[in-house]
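K.L.:
have a look at this prediction, sequence included:
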Amino acid sequence: MSFIRTASAALVLAFVSSTTSATAPNTTAANAVSYEVGQGWVSHYIEETTQNRWFKFTTTGGRGYCVEAAQGSDSPVAFNPNVTVYGDAAGTSLMGSNDNGAFDPAMTLGSRYCFADTTTLDTRTIRTIKLNVPVAAGSGDNGYMRLRVYETTFAGSFQWYSYPSDPNNYY
């Protein structure tokens, strides 16, 4: 009976260990996790030893995008994040960064970086984001940050009517 319990415990342990992830966390550009533009907020745990989180996403030439980072809803610590966007998948070609959400709508302790993809129209480019949350050494501060990327392009039809006989009459 003891043998059966030991064997069962070993099988359960083997199963649990085989289902746990051995993948490194997204704390470097090489380990960046994929983000789909427009998928909404994603939350990540931040602590003194893991102050950086990396993401990769795809943009399309001719379109505009905003990257935002904000306080996680379940976080007891008021973190002040900054975001840096890189123009390549390796995280080496700096596009720009922001450490405050001074745009509209207003953000408390958040950051936002907006840009237009100026590559050839409809060309897809993989880019990376570094979310950095400075945590004071020895503070023991831990909590959550959230990040999102959304497209800001507006598309629609435009019609202009004018009357050649009267250049001031148009609608």
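P.N.:
Thanks, I have it. Numbering: from 1, shown residues only.

K.L.:
any low-confidence regions in the protein?
P.N.:
1-23, 101-108, 155-171 (pLDDT under 70).

K.L.:
if we use 50, what do you get?
P.N.:
3, 7, 9-20 (pLDDT under 50).

K.L.:
can you pull out the helices in it?
P.N.:
Using DSSP state H, the helices assigned to the chain run over residues 2-19.

K.L.:
ok, residue 60 - contacts?
P.N.:
Going by Cβ atoms under 8 Å, 6 or more residues apart in numbering, residue 60 touches 117, 122, 123, 124, 125. For glycine as for every other residue, the C-beta is placed from the backbone atoms N, C-alpha and C.

K.L.:
among those, which ones are buried?
P.N.:
residue 117 (16 or more other Cβ atoms under 10 Å).

K.L.:
could I get the contacts of residue 60 as a markdown table with distance to residue 54?
P.N.:
Rendered in a markdown table, the data for these read as follows (distance: Cβ to Cβ, whole Å):
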| residue | distance to residue 54 |
| --- | --- |
| 117 | 20 |
| 122 | 26 |
| 123 | 23 |
| 124 | 19 |
| 125 | 17 |
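
K.L.:
what's the local residue count around residue 65?
P.N.:
By other Cβ atoms under 10 Å, the residues close to residue 65 number 21.

K.L.:
coming back round to it: which ones among the contacts of residue 60 map onto strands?
P.N.:
Within the contacts of residue 60, residues falling in strands by DSSP state E are 124, 125.

K.L.:
identify the farthest-apart pair in the contacts of residue 60.
P.N.:
Using Cβ to Cβ, the contacts of residue 60 span at most 10.9 Å, a distance reached by 122 and 125.
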